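*Asks:* Dropping a prediction and its sequence here:
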Amino acid sequence: MKDYYIITFKNTHGAINGEKLLKEKDIKVAVMPTPAVITRSCGISIKIDDEDIEMVKKLIEQEQLVVKNIYKRSDNGYIQV
C-alpha cells in the first residue's frame, strides 16, 4: 500500500476552503469521508500524497491553511503527525 496523508478539519467550511487552497497550489487532493477511527468531528477530510506533505506543512506554518490534524496512513494504520 502506498502511504498517504489525511487532513482533518474542524468543520465542513474549513475542509472546502482547504480543498480550494490546495488545488490553487497545484497539490493533488481527494475529498473523502473522515475515517471514524481517527475523529468524529467534521465528516469530510482531504487525502494528499506523501510527496505533498512538506508544502502542506508550510501552508499551515504560514497560517494559510487551518487544519484540525494530519494523519499518515500506512500499513500500520493511522498515525497523527
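*Replies:* Cool, the structure landed.
*Asks:* in what helix or strand does the closest residue to Lys47 other than its chain neighbours lie?
*Replies:* In space, Lys47 comes closest to Ala30 once its chain neighbours are excluded; the distance is 4.3 Å by CB to CB, 6 or more residues apart in numbering. Backbone N, C-alpha and C define where each C-beta goes, glycine included. Applying DSSP states H and E as the criterion places Ala30 in strand 29-33.
*Asks:* Which neighbours in the sheet does that strand have, and how are they oriented?
*Replies:* Sheet pairing of strand 29-33 (DSSP bridges) gives strand 44-49 (antiparallel).
*Asks:* I'd like the mean pLDDT over the partner strand, please.
*Replies:* Strand 44-49 carries an average pLDDT of 95.
*Asks:* For the longest helix anywhere in the chain, enumerate the helices and strands it packs against.
*Replies:* Longest among the helix segments of the chain by residue count, using DSSP state H, is helix 12-24. Other helices and strands packing on helix 12-24, by 3 or more CB pairs under 8 Å, 6 or more residues apart in numbering; DSSP states H and E, are strand 29-33, strand 44-49, helix 53-61.
*Asks:* deepest of the ones you listed, which one?
*Replies:* Of all the helices and strands packed on helix 12-24, strand 44-49 has the most neighbours on average by mean count of other CB atoms under 10 Å, namely a mean of 19.
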